[in-house]
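[1] need a structure here:
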Amino acid sequence: MTERFILLTGCSGGGKSTLLNTLAAQGVATVPEPGRRIISEEIAFGGTALPWVDMGAFARRAVEVARADLEAARHREGAVFFDRGLIDAAVALEYCGGAKVRDTFGATMPYARRVFVLPPWPALFVNDAERQHSFDAAVQEYQRIEQSLDDLGYQRYVLPKVTVEERAEIILRECGL
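    Model (predicted):
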């Protein structure tokens, strides 16, 4: 486990990327969500590793990108905040018939034990070119992520539905930054 690798996870459309951008603006190291990067590349190059076309290919690619993100972060100093990551990718992979979550990364806990979770928040959820699923599907994914975090022994810190600035303050305070 790497205590300086801090995972932001939770419901799709719950404000993770906005929160990560706010943390980055305050000078902390951040890693953007693998899924959105993959979708942008696939759309730009006419690929099919998209969750609405080939969920298995998308999930396998998300695992690869998340692993590469973790490796790259090992060379950075101090705390590194991840918007989603290997656990989220592993949950997606298992959901579409791939390896079990724990089998994706073994006994190692890649992130700090305390994970910051952004709950479903209908007022924030919007569809766009990269998020084409329904809010109900997002909530179901959220529940799978929560269950996996519990099964893996992570401690969930569910962030309140407050402004992004307040959420950032909570995280920085809780992390001693």
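[2] Tell me how many other residues crowd the residue nearest to residue 84 when sequence neighbours are not counted.
    Once flanking residues are discounted, residue 84 sits nearest to residue 33: 4.5 Å by C-beta to C-beta, 6 or more residues apart in numbering. For glycine as for every other residue, the C-beta is placed from the backbone atoms N, C-alpha and C. Residue 33 has 24 neighbours, counted by other C-beta atoms under 10 Å.
[3] Touching, residue 33 and residue 17? I think so.
    Yes. The criterion here is C-beta atoms under 8 Å, and residue 33 meets it with residue 17 at 6.1 Å.
[4] Identify the contacts common to the two.
    Residues touching both residue 33 and residue 17 (C-beta atoms under 8 Å, 6 or more residues apart in numbering) are residue 83.
[5] related to what we said a few turns ago, what sits against the residue nearest to residue 84?
    Residue 33 neighbours (C-beta under 8 Å, 6+ apart): 16-17, 20, 83-84.
[6] and if you look at residue 37?
    Counted by C-beta under 8 Å, 6+ apart, residue 37 has contacts residue 65.
[7] hmm, 10 Å instead?
    For residue 37, the contact set (C-beta atoms under 10 Å, 6 or more residues apart in numbering) comprises 31, 61-62, 65, 69, 83, 130.
[8] before we move on, what about residue 14?
    Contacts of residue 14 by C-beta under 10 Å, 6+ apart are 8, 117-122, 124-125, 138-139, 142, 159, 161.
[9] Go through those and single out the one with the most neighbours.
    residue 8 leads the contacts of residue 14 on contacts (other C-beta under 10 Å) with 28 neighbours.
[10] if I look at that one, how far off is residue 43?
    According to C-beta to C-beta, to the nearest Å, residue 8 stands 24 Å off from residue 43.
[11] And for residue 152?
    On the measure of C-beta to C-beta, residue 152 and residue 43 end up 32 Å apart.
[12] likewise residue 101?
    Taking C-beta to C-beta, one finds residue 101 at 27 Å from residue 43.
[13] ok, those two, which is more surrounded?
    Higher neighbour count among residue 101 and residue 43: residue 101, with 24 against 12, using other C-beta under 10 Å.
[14] How confident was the prediction at the most far-flung residue of the chain relative to its centre?
    Among the C-alpha atoms of the chain, the one most distant from their mean position (C-alpha atoms, centre = their mean) is that of residue 46, at 24.3 Å. Listed pLDDT for residue 46 reads 91.
[15] contacting residues around it?
    Contacts of residue 46 by C-beta under 10 Å, 6+ apart: none found.
[16] quick one on the thing from earlier: which one among the contacts of residue 37 gets closest to residue 147?
    residue 62 (18.4 Å; C-beta to C-beta).
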